[in-house]
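Undergrad: what shape does this take:
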Amino acid sequence: MLIESLDTRIVELTLPRPISTSIHWMHSVGCVLVTARTDDGLVGQGYAFTLNADRIGAFDETIRGLSHLVIGQDPRNVGKVFADIWAALNPTGHKGITIGALSAIDVALWDIVGKAAEMPLSKLFGGVRDRVDTYASSGLWLSDSIDDLMAEAGRFVDAGFVGMKMRVGSDALETDVERVRAVRDAIGPETDLYVDANQGLTPKQAIKLGRRLEEFNLVWIEEPVAYNDLIGHAEIRAALDTPVASGETEYTRFGMQAILDARAVDVLMPDLQRVGGFSEFRRAAALASTHNVAVSSHFFTEYSLSLAGSLANCISVEHIDWFAPLFNEALEFDGGQLVVADRPGTGFTFDQSIR
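TA: Sure, this is the predicted structure:
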């Protein structure tokens, strides 16, 4: 069995409304869909994305530029392909677009491996669960009014979510406190509430805000300061009772190792695209386990189920619905948890009609 082609296609998905965090403004996501085909008819798929489709062409070109390291290879030798691409990326670096391209290829090859074995990847990787905790993350934006926050929080509860994440990082601390209080009042004390500052605060601001928010019994405060301010993260973690989560903006197991060595987080949040696909995510989770640190995936909800179903220290999967239109299959939601797909490979296939 050999890879005979590696094809890409760019699509742009418009969000229901323009939204913002403390550092982002978003109206769409651009995606490069990657499809690898074998000479015996198996198909593996993966994707990379950018906010607002910014520089999506660069991702597409980079993926296509790596195709010569994929075509002609046995997809079951995914470790060899990963190593060959990793070595080829050395001159341009192991962060940014290069790793995003590697990640999409890695996912596509693992998808084939699972299909060839006629097994879901969660089982092939060594299954530990068939359901995983999740939280709604497709709403409660910094650009929303308090009335809109309360209404959307209520809709999430009505939809069966037992947890949700809202964004903080307003110009004034009291504004954030007021907004979090409104959402907590709307959902009650039993529903889990997470907050994400999206790197928008300084360490002193984050500590001051975090102390004010502790009365709301938050699950965690996410990316309180710049992703690469590991000392700041560690200072915040030491100062607060609320757990600190971060890691989505860092790259590869080496970036994850630096975060763990700095004791910067209670929960490590690798992003499948930035960390380096399934191969590197699993390495990062193993590193986290040696520090007794839990992991929770960032974005890539559909694909992250393969990891959550097989990693003992994965405590949750972020539920983001932006990419649902890409797939023929829908996520299965049960009792506030996501069901790990039992279909071969990732369990998800691209809708070829999507444009």
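Undergrad: can you pull out the strands in the stretch 101-250 of the chain?
TA: For the stretch 101-250 of the chain, the strands defined by DSSP state E, counting those that start in this stretch occupy 131-136, 163-167, 192-196, 221-222, 244-246.
Undergrad: now those strands in a markdown table, with distance to residue 238, mean pLDDT and mean neighbour count?
TA: C-beta here means a position set from N, CA and C on the backbone, and glycine is covered the same way. Shown next, in a markdown table, are the strands of the stretch 101-250 of the chain (distance: least, C-beta to C-beta, whole Å; pLDDT from 0 to 100; neighbours: other C-beta atoms under 10 Å):
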| stretch | distance to residue 238 | mean pLDDT | mean neighbour count |
| --- | --- | --- | --- |
| strand 131-136 | 25 | 98 | 22 |
| strand 163-167 | 23 | 98 | 24 |
| strand 192-196 | 19 | 98 | 24 |
| strand 221-222 | 13 | 98 | 26 |
| strand 244-246 | 9 | 98 | 27 |
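Undergrad: tell me which of those strands sits nearest to residue 64.
TA: When the strands of the stretch 101-250 of the chain are compared by C-beta to C-beta, strand 244-246 sits nearest residue 64, at 32.3 Å.
Undergrad: list of residues touching the closest one?
TA: Defining contact as C-beta atoms under 8 Å, 6 or more residues apart in numbering, one finds that strand 244-246 is touched by 194, 220-224, 227, 233, 236-237, 259, 264-269, 296.
Undergrad: check which residues of the helix or strand that it is followed by are buried.
TA: Downstream of strand 244-246, the next assigned helix or strand under DSSP states H and E is helix 252-261. Buried positions in helix 252-261, judged by neighbour count with 16 or more other C-beta atoms under 10 Å: 252, 253, 255, 256, 257, 259, 260.
Undergrad: who's in contact with helix 252-261?
TA: 94-95, 99, 230, 233, 246-247, 250, 265, 268, 270, 275-276, 280, 283-284, 287-288, 291, 293.
Undergrad: could you do stretch 170-190 as well?
TA: So stretch 170-190 is in contact with 22, 140, 142, 146, 149-150, 153-154, 156-157, 162, 164, 166, 168-169, 193, 195, 205, 208-209, 212-213, 216-218, going by C-beta under 8 Å, 6+ apart.
Undergrad: now the helices for the chain?
TA: For the chain, the helices defined by DSSP state H cover 56-65, 78-88, 97-117, 121-124, 146-158, 173-187, 203-213, 230-239, 252-261, 272-275, 277-290, 301-308.
Undergrad: let's have the ones you listed in TSV, adding distance to residue 347.
TA: Shown next, in TSV, are the helices of the chain (distance: least, C-beta to C-beta, whole Å):
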stretch	distance to residue 347
helix 56-65	22
helix 78-88	17
helix 97-117	8
helix 121-124	8
helix 146-158	24
helix 173-187	30
helix 203-213	37
helix 230-239	34
helix 252-261	25
helix 272-275	15
helix 277-290	13
helix 301-308	7
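Undergrad: residue 29 is nearest to which of these?
TA: helix 56-65 (9.0 Å).
Undergrad: contacts for that closest one, please.
TA: Residues from elsewhere that reach helix 56-65 (C-beta under 8 Å, 6+ apart): 6, 8, 10, 12, 30-32, 34, 48-50, 97-98, 100-101, 104-105.
Undergrad: any of the residues you listed buried? List them.
TA: 6, 8, 30-32, 34, 48-50, 97-98, 100-101, 104-105.
Undergrad: for these, which one is nearest residue 40?
TA: Of the buried ones among the contacts of helix 56-65, the one sitting nearest to residue 40 (C-beta to C-beta) turns out to be residue 6, at 15.9 Å.
Undergrad: correct me if wrong: that closest one contacts residue 36.
TA: Yes: the pair residue 6 and residue 36 qualifies as a contact (C-beta atoms under 8 Å) at a distance of 5.2 Å.
Undergrad: shared neighbours of these two, anything?
TA: With C-beta under 8 Å, 6+ apart, residue 6 and residue 36 have common neighbours 70, 105, 108.
Undergrad: can you redo the buried residues of helix 252-261 as TSV with pLDDT and distance to residue 119?
TA: Listed next are those as TSV, based on pLDDT from 0 to 100; distance: C-beta to C-beta, whole Å:
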residue	pLDDT	distance to residue 119
252	98	27
253	98	25
255	98	30
256	98	27
257	98	30
259	98	32
260	98	31
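Undergrad: which one of these is nearest residue 26?
TA: The closest of these to residue 26 turns out to be residue 255 (C-beta to C-beta; 23.6 Å).
Undergrad: tell me how far the closest one lies from residue 286.
TA: Applying C-beta to C-beta, to the nearest Å, the value for residue 255 to residue 286 is 15 Å.
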